[in-house]
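1. Quick check, what structure comes out for this input:
(chains A and B)
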Amino acid sequence: MTTLKLDEDELRSRRSFCELTDQDLARLQSLRGFAEKHTAEIVSSFYDLLLSHDQTRKFFPDDATVRRVKRAQSEYFLGLFEGRCDIGYVEDRLRVGAAHERIGLAPKWYLAAYRKYLELLRDKLSASLPPAEAVAAFSSVQKIVFFDVTLAIDTYIAANIETLQRHQAALRELSTPVIRVHDRILLLPLVGAIDSVRAQQIMETVLVRVVEEKAKCMIVDIAGVPVVDTKVADNLVKTTAAVRLLGTQTILTGISAQVARTIVQLGVDISTMHTRSRLQDGIDLALELVGKAITEKRA
Amino acid sequence: MRGTIPILRLGDVLITTVHVELRDAVAEAFQADILDAIEKGHARGLVIDISGLDMVDTYVARILAETGRMAHLMGTDTVLCGMRAEVAATLVRMGYPMDGVRAALDLDEGLALLHELRREKK
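-> The predicted structure follows:
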């Protein structure tokens, strides 16, 4: 609800775009008797479809569940004919969307099932009303149904965005490990995509650690970065420039053939960094820069 | 304004700590003092310590870089040391990464770097 920012203004604007007028609501209310008469039959046919399909049947594991959802569905169905479309109504509809998201019912099933609903309603309406009235009534039903659908889809999207944000926050905390490989040599293994927020954070963490460890060398391993584009390269160049001002050299390792090709083709200048293909070579170079070396043990 | 920022001589190395903002007259006097000192007795190296500055804008950064280039023309290597991490981040973000300036973490490192540079030349 808060993510969607649904207030009176938004509600009005959505209603007017669906052309859902007070007249439509009045017409729906006048159909309440009709709806009550056919609820059981329509809901039952609706679930026949859902239960006949393997992938939707698994949402209703036992008879008790089916009875419960049928009851909820009847309430939902009658809700369409209450002649009411206010914040209370919207909240009610959002709860339905949230429940679908929670049990993992994908929008494809939800949307396709709604087609069945409309078909059942259309058939019932044309069977029990004179043609002109049936057309008008169906049009009103269509409006409120589409109004509901937009809300449900927005709920799905909002729930997805919230999940993504939670994951991003969790990842951010894990995303900048700076490891001390040897005296005055730090290693930053980068894994995953680097966006501008993360790049910023990388720079800050790295600078703090460089000062703490009095680093002379900073190895950045990008073997785990899937795509190195101009932005990522630019961020690496910036981090290099910043640590250089503290007297630290940067060695970029884990450069695959693909990445090397991209960097050259994009025309990115990374001449401020030493570059090596393998991390091992990067460590050798770092040791050399601090005046050390790994040698074979004599037998 | 001359002499606001003291310049020490240690062997053939000049050491100076910038502790006041390098503004207009002070900046000019600072450069003049350094160049005079180099001229007077030949100095192989110059270490400028800026650990006392918690803010360095592009103007000050340019003055420092310029001083290094001037000293270089007179045959003196310059090392900038003691820059704070947040200052480095800010300069880079402002698009002024002080290209061409040699930098070190602190005075110790700065002197070591000068030594290294000299060895490379030989």
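
2. In three-state terms, label residue B:78 for me.
-> Classification of residue B:78 into helix, strand or coil gives strand, according to DSSP: H, G, I helix; E, B strand; the rest coil.

3. need the contact list for the residue nearest to it when sequence neighbours are not counted.
-> Leaving out its chain neighbours, the residue that sits closest to residue B:78 by C-beta to C-beta, 6 or more residues apart in numbering or on different chains is residue B:68, at 3.7 Å. For every residue, glycine as well, the C-beta is placed using N, CA and C. For residue B:68, the residues meeting the contact criterion (C-beta atoms under 8 Å, 6 or more residues apart in numbering or on different chains) are B:46, B:48, B:78, B:80, B:100-102.

4. Can you flag the buried ones in these?
-> Neighbour counting over these (16 or more other C-beta atoms under 10 Å in any protein chain shown) leaves B:46, B:48, B:78, B:80, B:101-102 as the buried ones.

5. Report the two of the residues you listed separated the most.
-> Using C-beta to C-beta, the pair of the buried ones among the contacts of residue B:68 lying farthest apart is B:46 and B:101, separated by 11.6 Å.

6. what residues are shared contacts of these two?
-> For the pair residue B:46 and residue B:101, residues contacting each of them under the criterion C-beta under 8 Å, 6+ apart are B:68, B:78.

7. How about the contacts made by the spatially most central residue of chain B?
-> In chain B, the C-alpha nearest the mean C-alpha coordinate belongs to residue B:48, at 3.2 Å (C-alpha atoms, centre = their mean). Listed by C-beta under 8 Å, 6+ apart, the contact partners of residue B:48 are B:16, B:18, B:64, B:67-68, B:78-81.

8. Now it. Its backbone dihedrals?
-> Per-residue torsions, residue B:48: phi -110, psi 120 (degrees, to the nearest 10).

9. where do the helices sit along chain A?
-> Secondary structure of chain A (DSSP state H): helices located at A:8-17, A:22-30, A:32-52, A:54-57, A:63-79, A:87-103, A:107-128, A:131-174, A:196-213, A:230-244, A:257-266, A:279-289.

10. no wait, chain B
-> For chain B, applying DSSP H gives helices covering B:24-40, B:58-73, B:85-93, B:107-121.

11. Comparing the ones you listed, which comes out most buried?
-> Among the helices of chain B, judged by mean count of other C-beta atoms under 10 Å in any protein chain shown, the one packed with the most neighbours on average is helix B:85-93 (a mean of 20).

12. hmm, back to that, how about the helices of chain A in TSV, adding mean neighbour count, distance to residue A:183 and mean pLDDT?
-> Supplementary listing: the helices of chain A in TSV, determined by neighbours: other C-beta atoms under 10 Å in any protein chain shown; distance: least, C-beta to C-beta, whole Å; pLDDT from 0 to 100:
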stretch	mean neighbour count	distance to residue A:183	mean pLDDT
helix A:8-17	13	60	87
helix A:22-30	16	76	90
helix A:32-52	15	66	88
helix A:54-57	12	59	86
helix A:63-79	14	64	87
helix A:87-103	16	52	82
helix A:107-128	15	56	88
helix A:131-174	15	26	86
helix A:196-213	18	9	89
helix A:230-244	21	17	90
helix A:257-266	13	30	86
helix A:279-289	17	10	93
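
13. and those as TSV, adding distance to residue B:116?
-> Formatted as TSV, the entries for these read as follows, by distance: least, C-beta to C-beta, whole Å:
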stretch	distance to residue B:116
helix A:8-17	66
helix A:22-30	83
helix A:32-52	76
helix A:54-57	68
helix A:63-79	75
helix A:87-103	62
helix A:107-128	64
helix A:131-174	37
helix A:196-213	19
helix A:230-244	15
helix A:257-266	29
helix A:279-289	10
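
14. okay if I get those as CSV plus distance to chain B?
-> Formatted as CSV, the helices of chain A follow (distance: least, C-beta to the nearest C-beta, whole Å):
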stretch, distance to chain B
helix A:8-17, 38
helix A:22-30, 56
helix A:32-52, 56
helix A:54-57, 51
helix A:63-79, 54
helix A:87-103, 40
helix A:107-128, 42
helix A:131-174, 18
helix A:196-213, 4
helix A:230-244, 4
helix A:257-266, 19
helix A:279-289, 10
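
15. Could you say which one of those comes nearest to residue B:90?
-> helix A:230-244 (9.0 Å).

16. Relative to the whole chain's centre, how far out is that closest one?
-> Once both centres are worked out by C-alpha atoms, centre = their mean, to the nearest Å, helix A:230-244 turns out to sit 29 Å from its chain's centre.

17. ditto for stretch A:160-171
-> On the basis of C-alpha atoms, centre = their mean, the separation between the geometric centre of stretch A:160-171 and that of its chain is 8 Å.

18. likewise stretch B:105-121?
-> Centre to centre, stretch against its chain (C-alpha atoms, centre = their mean), the figure for stretch B:105-121 is 13 Å.

19. what does chain B put close to chain A?
-> For chain B, the residues found near chain A under the criterion C-beta under 8 Å from any C-beta of the partner chain are B:80-81, B:83-89, B:91-93, B:97-98, B:101-106, B:109-110, B:113.

20. ok, residue 19 - how many residues close by?
-> Using chain A here. Applying other C-beta atoms under 10 Å in any protein chain shown, we find 13 other residues in the vicinity of residue A:19.

21. ah, I was thinking of chain B
-> Residues lying near residue B:19 (other C-beta under 10 Å) number 13.

22. what residues are up against it?
-> Residue B:19 sits in contact with B:5, B:52-53, where contact means C-beta under 8 Å, 6+ apart.

23. now with 6 Å?
-> Contacts of residue B:19 were listed using C-beta atoms under 6 Å, 6 or more residues apart in numbering or on different chains, and they are residue B:52.

24. Next one: it relative to residue B:8, how far apart?
-> 13 Å (C-beta to C-beta, to the nearest Å).
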